[in-house]
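Engineer: predicted model follows, preceded by the sequence.
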Amino acid sequence: MFDIPTSSASAAADDRAHPAERVGAGRYAPSPTGDLHLGNLRTALLSWLFARSTSRRFLLRVEDLDASRVRPGNAEQQLSDLTALGITFDGEPLVQSRRLAAYEEALRSLADVTYECFCSRRRSPRPYPHHTGPCRAIPGPAKI
């Protein structure tokens with residue numbers, strides 16, 4: 001689907017870095033709903049510069065799950081525009097619509113530790129990850 005040039009400079013930086021130092025990666029996640037605009041370009045450029053300046057990989061994830069808004073050819077055109085400007089990616093792009101099985105598996109793995117909450121934000125104690133409100137005690141399987 002995509003012909004994305006990769007950066008040999010980043011590959012060389014990865015080869016020099018100790019594996020423990022190559023933690024994390026930069027990423028850009030466009031939605032192929034239209035042409036590349038200035039805000040997209042700014043986000044891609046800043047993410048790319050940060051990843052490259054810290055010897056991290058720079059990954060692409062195409063956010064194409066909103067099928068009603070995605071237009072054929074937009075992803076390829078956006079990527080062509082970015083590579084024409086010298087912004088390169090490492091590895092194969094992740095296309096969201098092709099990874100649904102992985103997301104479903106991740107949701108299944110969380111089923112035992114999640115629960116549906118009916119509390120309003122006002123009622124929920126902060127910080128949210130430590131919420132121990134009444135919803136946590138409702139019996140039954142998690143509804144994700």
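Structural biologist: Alright, I've got the coordinates. Predicted model only: the values in this text are computed from it and were never measured.
Engineer: from the contact counts, what lies against the longest helix along the chain?
Structural biologist: If you go by DSSP state H, the chain has its longest helix at helix 38-53. Judged by 3 or more Cβ pairs under 8 Å, 6 or more residues apart in numbering; DSSP states H and E, helix 38-53 is in contact with helix 8-16, strand 25-28, strand 57-62, helix 74-84. Yep, even glycine has a C-beta here, placed from its N, CA and C like the rest.
Engineer: and of the ones you listed, who's closest to residue 36?
Structural biologist: The closest of the helices and strands packed on helix 38-53 to residue 36 is helix 74-84. By Cβ to Cβ, the value is 4.5 Å.
Engineer: now the closest one: buried residues?
Structural biologist: Across helix 74-84, burial judged by 16 or more other Cβ atoms under 10 Å covers 74-75, 78-79, 82.
Engineer: ditto for stretch 48-65
Structural biologist: Going by neighbour count (16+ other Cβ under 10 Å), the buried part of stretch 48-65 is 48, 51-52, 56-60, 62-64.
Engineer: shaky segments in this structure?
Structural biologist: Along the chain, segments meeting pLDDT under 70 span 1-22, 115, 121, 123-144.
Engineer: surely residue 89 and residue 59 touch.
Structural biologist: Yes. Under the criterion of Cβ atoms under 8 Å, residue 89 makes contact with residue 59 at 6.4 Å.
Engineer: shared neighbours, these two?
Structural biologist: Residues within reach of residue 89 and of residue 59 at once, by Cβ atoms under 8 Å, 6 or more residues apart in numbering, are residue 28.
Engineer: on that earlier part again, what angle do the longest helix of the chain and strand 57-62 make?
Structural biologist: Angle of helix 38-53 versus strand 57-62, following axes from the mean of the first three to the mean of the last three Cα atoms, to 10 degrees, is 150 degrees.
Engineer: check contacts around residue 41.
Structural biologist: So residue 41 contacts 81-82, 85 (Cβ under 8 Å, 6+ apart).
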